[in-house]
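Undergrad: The sequence and its predicted three-dimensional model are supplied below.
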Amino acid sequence: MDQPPYSDITVGDLLAQLARAVPGREAVVYAQGPRWTFGALEEEARTIARGLVSLGVSPGERVVVWATNVPEWIVLQFALAKIGAILVTANTSLRARDVDYVLRQSEAATVVTINGFRDVDYVAELAQIGAMSGTIPTLRRVIGLGEAAQGALGAVSQSPDPVTVMPYTDIRGQSTRVSEAQLDALSRDVTVDTVINMQYTSGTTGFPKGVMLSSRNILNNGFACGEVLGFTPDDRLCLCVPLFHCFGCVIGVMGAFTHGACLCVVEAFDPKRVLDMVHRERCTALYGVPTMFIAELEHPDFARYDLTSLRTGVMAGSLCPEPLMRRVITDMHLSEITIAYGLTEASPVITMTPRESSVEQRSQTVGTLLPEIEAKVVDPETGAPRAAGERGELCTRGYHVMKGYYNNPDATRAAIDADGWLHTGDEASVDADGFFRITGRIKDLIIRGGENIAPKEIEDRLREHPAVADAYVYGVADAFFGEAVAAAVRLKPQGHPAPEELIAWCASSLAKFKIPKYVRFVQDFPMTASGKIQKYKLRADHEDALRT
């Protein structure tokens, strides 16, 4: 049997190949949980896949997974791929209105959830959906992980057709009703171009769009990242970024598994748990956004941990300041740390810095193109190519470009042109050596700690307040998160709320990472001659005020 690395196969077949080639090697390790070999993980994924088929989960069905990095998440990623069902990832910070939108827009038939995370009670949020908006007509199953309360979960839908509510552990018992041969028959119908993953991304309209991704998209992109990192079966990746994001489930799971490397998973980011995992499991690679690396370096017990096993990793989400890069290389022993740039619609990685790149290249650029990927920098208005060093919109083409947005052909046509170029909405330049720099964003997004935030949703929430006449949301520079959410608000004549009241108003219904850190009151908004709001002026004025 061929040994890893693997590419150009389906996600479901990837685990099967590993189970045959390196069955006894560790695949997944949890600090307080299972330690699966590739052979054991394949057996578990097949069991769960057969159980899901017995429950009625079918090829093409959308299955929403709303959970932290629990062991079942990775099992489901492969089990659903073997069936040909579509894993729909849900951000762990979502609230009722967010989840309601995802369930409806994706036309999900199944949702798998944990009890809750941090200050969000998932069971209560799901129950609120039924009371808030009534029937979710496509929903047929709610599956609770761990302590998720079955009774409360049943309130998520008022559908006339009964919703099956059950604990995840019952799936195993259902598996005996479906044979191995039946599962194999389903798997044979899944191709590398079958959509097996959907991730919701904000975009400029404020309405999240379901990005449809195939095995060709995510497995090959993960393979390319693993090649840059130099992964082998001897590597052990400390994975502390969320699995619901491409950073976790593609650069993480696919990047490691295509090369037979082991995942040492942290269920939810905590700097002490990350340091402990690296120390105990002798991890060779570590991922994170800059804020995660800052938190690890600044942890009071940092010096107690032995991190000398570390070699490489990925930093993404926002540019890394040069002083931080130098500390990561020296204090954390990550001499081969890389920078990655991309977006969900590109599966996600477009460029990475080679492992041998200089500190300047790793802190001032986002690297060079991955193999088999095209990119160009063009005038955003005319599409004319820009010369080396000149700024323009970054466009990309290749195997990594998404299949499209689910049930949204207009948005798909707006993102991918007739020649197959994905328009990223990011302003970039490329130098003579092929290193790309991201110099701004044409699309109106805020990136806070690696999370893409669409201003419109927050603006809409602020405008719902009885004292608010109008509001516009933008990002301001933040030393920790890269950007912080800020809002400029014009009040009605009779309205006199304090900024804290409007922040609390947003917190009552929006995900935590979307809540404005700053609220400023203004008399009017800067506009162009055609009446468009000039958010860059709002940002500049606000940042000037913060500096004084």
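TA: Ah, there it is. Numbers count the residues shown, from 1 in each chain.

Undergrad: report the longest helix in this protein, please.
TA: As assigned by DSSP state H, the longest helix anywhere in the chain is helix 38-55.

Undergrad: And whichever helix or strand comes after that one, what does it pack against?
TA: Scanning forward in sequence from helix 38-55 by DSSP states H and E, the next helix or strand is strand 62-66. Contacts defined by 3 or more CB pairs under 8 Å, 6 or more residues apart in numbering; DSSP states H and E place strand 62-66 against helix 71-83, strand 86-89, helix 96-106, strand 110-113. The way it works is simple: take the backbone N, C-alpha and C, and place the C-beta from them, glycine included.

Undergrad: mean confidence score for the longest helix of the chain?
TA: For helix 38-55, the mean pLDDT works out to 98.

Undergrad: Name the spans of this structure whose pLDDT lies under the cut-off.
TA: Filtered on pLDDT under 70, the chain yields the residue ranges 1, 130-134, 148-161, 202-206, 443, 528-532.

Undergrad: Starting from residue 521, give me the distance back to the residue nearest the centre of it.
TA: Nearest to the geometric centre of the chain sits residue 245, at 1.6 Å (CA atoms, centre = their mean). The gap separating residue 245 from residue 521 is 34 Å, by CB to CB, to the nearest Å.

Undergrad: ditto for residue 406
TA: 39 Å.

Undergrad: Could you check which of those two has the larger neighbour count?
TA: residue 406 (20 against 16; other CB atoms under 10 Å).

Undergrad: Please could you give me each C-alpha atom of stretch 15-30, formatted as CSV?
TA: Provided in CSV are the C-alpha atoms of stretch 15-30 (Å, rounded to 0.1, in the frame of the first residue of the first chain):
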residue,chain,number,x,y,z
LEU,A,15,-8.7,8.0,6.2
ALA,A,16,-9.2,4.6,4.6
GLN,A,17,-5.8,4.9,2.9
LEU,A,18,-4.1,5.9,6.1
ALA,A,19,-5.8,3.0,8.0
ARG,A,20,-4.3,0.6,5.5
ALA,A,21,-0.9,2.2,5.2
VAL,A,22,-0.1,3.2,8.8
PRO,A,23,-2.8,1.6,11.0
GLY,A,24,-0.9,1.7,14.2
ARG,A,25,0.3,5.3,14.1
GLU,A,26,-1.4,7.8,16.3
ALA,A,27,-3.8,9.9,14.4
VAL,A,28,-5.6,12.0,17.1
VAL,A,29,-4.7,12.8,20.7
TYR,A,30,-6.7,14.6,23.3
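
Undergrad: buried ones in that stretch?
TA: 15-19, 21-23, 25-30 (16 or more other CB atoms under 10 Å).

Undergrad: do the same with stretch 2-19
TA: 4-7, 9-19.

Undergrad: Next: stretch 470-490.
TA: Buried, per 16+ other CB under 10 Å, within stretch 470-490: 470-476, 478, 481-489.

Undergrad: I figured residue 360 hits residue 322, correct?
TA: Yes - Residue 360 is within contact range of residue 322, at 7.2 Å (criterion: CB atoms under 8 Å).

Undergrad: Now do the domain split for this protein, please.
TA: 47-212, 446-547 (automatic domain parsing).

Undergrad: Pick the most deeply packed of those domains.
TA: domain 47-212 (a mean of 20; mean count of other CB atoms under 10 Å).

Undergrad: ends of that one, how far apart?
TA: 26 Å (CA to CA, to the nearest Å).

Undergrad: residues in contact with residue 390?
TA: Contacts of residue 390 were listed using CB atoms under 8 Å, 6 or more residues apart in numbering, and they are 377, 429.

Undergrad: mind checking the SS state of it?
TA: Under DSSP: H, G, I helix; E, B strand; the rest coil, residue 390 falls in the coil class.

Undergrad: Report the beta-bridge partner residues of the residue nearest to residue 90 when sequence neighbours are not counted.
TA: Counting by CB to CB, 6 or more residues apart in numbering, residue 90 lies nearest to residue 66, which is 3.9 Å off, once chain neighbours are set aside. Taking DSSP bridges as the rule, residue 66 bridges to residue 113.

Undergrad: For whichever helix or strand residue 197 is part of, list the C-alpha coordinates in CSV.
TA: Following DSSP H and E, the helix or strand that holds residue 197 is strand 195-201. Extracted as CSV, the C-alpha positions of strand 195-201 are listed here (Å, rounded to 0.1, in the frame of the first residue of the first chain):
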residue,chain,number,x,y,z
VAL,A,195,-19.5,18.9,-2.4
ILE,A,196,-18.8,17.6,1.1
ASN,A,197,-18.3,20.7,3.1
MET,A,198,-20.0,24.1,3.5
GLN,A,199,-18.7,27.0,5.5
TYR,A,200,-20.5,30.3,6.1
THR,A,201,-18.6,33.5,5.4
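
Undergrad: Can you name the residues in contact with that strand?
TA: 10-12, 60, 62, 80-81, 84-91, 102, 105-106, 190, 208-215, 217-218, 244-246, 249, 343-345, 403, 406, 452.

Undergrad: which neighbours does that strand have in its sheet, and in what orientation?
TA: Partners of strand 195-201 in its sheet, by DSSP bridges: strand 86-89 (parallel), strand 209-214 (antiparallel).

Undergrad: Please report the distance of the residue nearest to residue 56 when sequence neighbours are not counted from residue 544.
TA: Among residues not flanking residue 56 along the chain, residue 140 sits closest, at 6.9 Å (CB to CB, 6+ apart). Residue 140 is 54 Å from residue 544, where distance means CB to CB.

Undergrad: circling back to that earlier point, show me the contacts for the residue nearest to residue 56.
TA: So residue 140 contacts 56, 109, 110, 161, 163, 164 (CB under 8 Å, 6+ apart).

Undergrad: List the contacts of the closest residue to residue 78 other than its chain neighbours.
TA: Excluding its sequence neighbours, the residue lying closest to residue 78 (CB to CB, 6+ apart) is residue 45, at 4.1 Å. By CB under 8 Å, 6+ apart, the contact list for residue 45 reads 15, 75, 78, 79, 82.

Undergrad: Surely the third one and residue 11 touch.
TA: Think residue 78. Yes - contact criterion CB under 8 Å: residue 78 and residue 11 qualify, at 6.5 Å.

Undergrad: so what does the helix or strand hosting residue 541 touch, helix or strand wise?
TA: According to DSSP H and E, residue 541 maps onto helix 535-547. Judged by 3+ CB pairs under 8 Å, 6+ apart, the packing partners of helix 535-547 are strand 468-478, strand 482-491, strand 518-521.

Undergrad: would you turn those into a markdown table with distance to residue 417?
TA: Shown next, in a markdown table, are these (distance: least, CB to CB, whole Å):
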| stretch | distance to residue 417 |
| --- | --- |
| strand 468-478 | 27 |
| strand 482-491 | 29 |
| strand 518-521 | 37 |
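
Undergrad: closest to residue 270 out of the ones you listed?
TA: strand 482-491 (20.0 Å; CB to CB).

Undergrad: and the angle from that closest one to helix 535-547?
TA: 100 degrees (axes from the mean of the first three to the mean of the last three CA atoms, to 10 degrees).

Undergrad: helices and strands around strand 482-491, which ones?
TA: strand 446-448, helix 455-463, strand 468-478, strand 518-521, helix 535-547.
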